[in-house]
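When you get a sec, could you give me coordinates for this:
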Amino acid sequence: MLSIRPFRESDSFETLTVLLNRAYAELGEMRLNYTAVDQSAAVTAQRIENGQCFIAEWDGGLVGTVLVKPTDVRSECAYFTRAGVASLRQFGVDPNFRRRGIGLQLIQSCEDWARAHGFRELALDTAKPAKHLVALYTRLGYAPVAVVQWPGKVYESVVLSKMLGEA
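Numbers count the residues shown, from 1 in each chain. This is a model prediction of the structure:
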């Protein structure tokens, strides 16, 4: 049985990091150096600060995660600094649990959180070469709005955004 819940202080950053590393391994094999491919637990903890991390559990085991952050005025992505724009980050589902609707429910949790906190738009970014991810987000109603070159990344990222209706 699937449940989605907020990350708790009692949850393990190490376990969350192992999930992220596993979820991003395929992208690493594509030679896309996403941070989550090999980030440490300390980096996971740092990236979660000032945001709301959601956890997906299947029969009590961790199978997915996503992070939603309020407007990030310190972001190197100019689109994420815009007033009224929340951002979705660190989205991953265990490869053995994909195609079960887990990712959709995690994204819906972020959209619901953003609406409830007064954001009118939710944005995210992904590597341009990860065409399967760009297609997924487009199917979910996200549209390309910008391009960003993150420091140290070997690819450009496309920024996609979705306008949110009322809660």
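
What residues of stretch 30-38 count as buried?
Neighbour counts over stretch 30-38 (16 or more other Cβ atoms under 10 Å) mark 32, 33, 34, 35, 36, 37 as buried. For the C-beta atoms, the positions are set from N, CA and C on the backbone; glycine is no exception.

Return the distance of stretch 127-144 from the chain's centre.
Offset of stretch 127-144 from its chain centre (Cα atoms, centre = their mean, to the nearest Å): 13 Å.

Contacts for it next, please.
With contact meaning Cβ atoms under 8 Å, 6 or more residues apart in numbering, stretch 127-144 is reached by 27, 30, 32, 34, 103-104, 107, 124, 126, 147, 153, 155-162.

swap the cut-off to 7 Å and go again
27, 30, 32, 34, 107, 124, 126, 155-158, 160-162 (Cβ atoms under 7 Å, 6 or more residues apart in numbering).

What's the end-to-end length of it?
Length of stretch 127-144, first residue to last, Cα to Cα, to the nearest Å: 12 Å.

tell me what the longest helix anywhere in the chain is packed against?
Assignment by DSSP state H gives helix 13-29 as the longest helix of the chain. Judged by 3 or more Cβ pairs under 7 Å, 6 or more residues apart in numbering; DSSP states H and E, the packing partners of helix 13-29 are helix 41-48, strand 61-69, strand 85-93.

The first one packs against which elements?
Which is helix 41-48. Against helix 41-48 (3+ Cβ pairs under 7 Å, 6+ apart) you get helix 13-29.

What angle do strand 85-93 and the helix it packs on make with each other?
90 degrees (axes from the mean of the first three to the mean of the last three Cα atoms, to 10 degrees).

Residue 1 and residue 10, how far apart?
21 Å (Cβ to Cβ, to the nearest Å).

swap in residue 59?
19 Å.

same deal with residue 156?
Taking Cβ to Cβ, one finds residue 156 at 38 Å from residue 10.

what's the distance between the stretch of helix or strand residue 160 belongs to and the middle of its chain?
Assessed by DSSP states H and E, residue 160 sits inside strand 157-163. Its chain's C-alpha centre and that of strand 157-163 lie 12 Å apart, by Cα atoms, centre = their mean.

list the helices and strands that strand packs on?
Looks like strand 157-163 contacts strand 121-127, strand 143-148 (3+ Cβ pairs under 7 Å, 6+ apart).
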